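>>> Provided below for reference: sequence and predicted model.
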Amino acid sequence: MGKLSVAAAMMAIMAFGLEPMKLSLNDYMSKVVNNRTGRVFKGNPWFIAFVNTESAHYQRYANVWSELHSNYYQELNVAFIDCLEHDTAELCKMYKVKTYPTFVMLNGPLAYHY
């Protein structure tokens, strides 16, 4: 994957309305995992970054995350969870996030940590 300038990423987002989804706890429970069964909903896998959106590292790679989403949105759900927000802190604990960013791929019953 080549580098994408911030301007090019913003143009792609504006043209296609595409950007990675910022997941709240409610989003996670309604779009990613079935609250009753604890299983990932059927459909495309989820690639989720657990981040601190205030960090310089996050600011540096945010455009790469947008590029990933715009290139693969038809086959992959790309999202991020801000672990500093009150409602998502429990999700970060559940996935044992110790450093930022932590990446998790959810595909059916499987979860891969990167």
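Now that the structure is in, tell me what you want to look at.

>>> quick one: what helix or strand has the residue nearest to Met21 when sequence neighbours are not counted in it?
Taking CB to CB, 6 or more residues apart in numbering, and ignoring the residues beside it in sequence, Met21 has Ala79 as its nearest neighbour in space, at 4.2 Å. From N, CA and C alone the C-beta is placed, and that goes for glycine too. Taking DSSP states H and E as the criterion, the element that holds Ala79 is strand 77-82.

>>> one step back: for the residue nearest to Met21, list each beta-bridge partner.
Taking DSSP bridges as the rule, Ala79 bridges to Met21, Ile48.

>>> Pretty sure it sits against Trp46.
Yes - the pair formed by Ala79 and Trp46 meets the contact definition of CB atoms under 8 Å, at 6.4 Å.

>>> hey, what's in contact with both of these two?
Jointly contacting Ala79 and Trp46 under the rule CB atoms under 8 Å, 6 or more residues apart in numbering are Val32.

>>> and the strand holding Ala79, which residues are buried?
Of all the residues in strand 77-82, those buried under the rule 16 or more other CB atoms under 10 Å are Asn77, Val78, Ala79, Phe80, Ile81, Asp82.

>>> other SSEs contacting the helix or strand just after it?
Scanning forward in sequence from strand 77-82, with DSSP H and E defining helices and strands, the next element found is helix 89-94. If you count contacts as 3 or more CB pairs under 8 Å, 6 or more residues apart in numbering; DSSP states H and E, helix 89-94 packs onto no helix or strand.
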